[in-house]
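> What follows is a predicted structure for the sequence shown.
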Amino acid sequence: MPLETTDRELAGRIAAGDVRAFDALMARYKRPVLNFVCRLTGDATEAEDLALEVFVKAHRALTGGGYRSGRAEVSTWLFQIARNAALDFLRHQQRHPTVELPESAEPAAPGKSAAQELSAHETGAQIAAAVAELPEDQRTALILAAYEDRSQNEIAAIMKTSAKSVEARLYRARQYLRQRLAALRG
C-alpha cells in the first residue's frame, strides 16, 4: 500500500472489503492509539486490550457503514473511539476497584548510576501522578496536545467541544501541573 494513501482512501477500501487497507490503517495508528489510551488510563496492560477494542469497533463501523467520511477525519474518529473506551474503562474501575501488587525493581539502564535512574524514575512518576490528578477533560486535552501532538482544533473534534474550550482546559492543566510540580520540588 503506497505511503501516499490517505486515511479516507483507506477507509473507502476497508468499506469495500480490502483487508490489507485495514492492516495499513492499523499499522498507521496502533502506536498512537495505544499510547493515548495508556496515558489516559494509566494502565499499560489494559491499554493493549482497549487499543485492540478500538480497532475492532473501527473495523465494524467501517465495514458496516457506521463511519461517514464527511463527518470527521479518520484519525479524529479513531481517537474519539479510544477516548470513549478509556473513559468506559475508568468508570468501570471506579465502580469495581482492584488491589494492585507492587512492581519488582528493575535493573538500572547502562551508563546511568542507580541514583540517576531512581531520580529520573521518581520524576516521571511524579509527573504521571500529577497528570492523573487532573480532571478528565483537562487530562485528555493535555495528553492529546503534549504526547500525541494534536492541534487544538483536532482535540476539539475528538472531545466534541470548541477550540476555545480546549485552549482553556490546556491552560488550566498546565497551570495546575506547574504549581503541583513546584510544590513537590520545593
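The structure has been received and is ready for your questions. What you are looking at is a predicted structure, and each value in this text was computed from that prediction instead of being measured.

> By mean pLDDT, flag the weakest helix or strand of this protein.
helix 114-133 (a mean of 74; mean pLDDT, DSSP states H and E).

> after it, next one along is what?
As assigned by DSSP states H and E, the chain's next helix or strand after helix 114-133 is helix 136-142.

> pLDDT weak spots in the protein?
1-3, 69-70, 97-121, 186 (pLDDT under 70).

> Domain map for it?
1-98, 114-186 (automatic domain parsing).

> Make TSV out of these and add mean neighbour count.
All C-beta spots, glycine's among them, are computed from the backbone N, C-alpha and C. TSV is the format used below for the domains of the chain (neighbours: other Cβ atoms under 10 Å):
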stretch	mean neighbour count
domain 1-98	16
domain 114-186	16
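
> Help me confirm that residue 184 comes into contact with residue 126.
Yes. Between residue 184 and residue 126 there is a contact at 5.4 Å, judged by Cβ atoms under 8 Å.

> what's near enough to touch the spatially most central residue of the chain?
Computing the C-alpha centroid of the chain and ranking residues by Cα atoms, centre = their mean puts residue 36 first, at 1.3 Å. Residues near residue 36 by Cβ atoms under 8 Å, 6 or more residues apart in numbering: 79, 82-83, 86, 143-144, 147-148.

> Can you add distance to residue 95 and secondary structure and give those back as a markdown table?
Converted to a markdown table, the contacts of residue 36 look like this (distance: Cβ to Cβ, whole Å; DSSP: H, G, I helix; E, B strand; the rest coil):
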| residue | distance to residue 95 | secondary structure |
| --- | --- | --- |
| 79 | 25 | helix |
| 82 | 21 | helix |
| 83 | 19 | helix |
| 86 | 15 | helix |
| 143 | 23 | helix |
| 144 | 26 | helix |
| 147 | 27 | helix |
| 148 | 28 | coil |
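
> from these, which is closest to residue 169?
Residue 169 lies nearest to residue 144 out of the contacts of residue 36, by Cβ to Cβ, at 10.3 Å.

> Skip ahead from whichever helix or strand residue 153 is part of and say which helix or strand is next.
Per DSSP H and E, residue 153 falls inside helix 152-159. Going down the chain from helix 152-159, the next helix or strand is helix 163-185, by DSSP H and E.

> on contacts alone, who are the packing partners of that following helix?
helix 114-133, helix 136-142, helix 152-159 (3 or more Cβ pairs under 8 Å, 6 or more residues apart in numbering; DSSP states H and E).

> Please compute how far the helix or strand encompassing residue 93 lies from its chain's middle.
Under the criterion of DSSP H and E, residue 93 resides in helix 74-95. Here the centre of helix 74-95 is set off from its chain's centre by 9 Å, with Cα atoms, centre = their mean, to the nearest Å.
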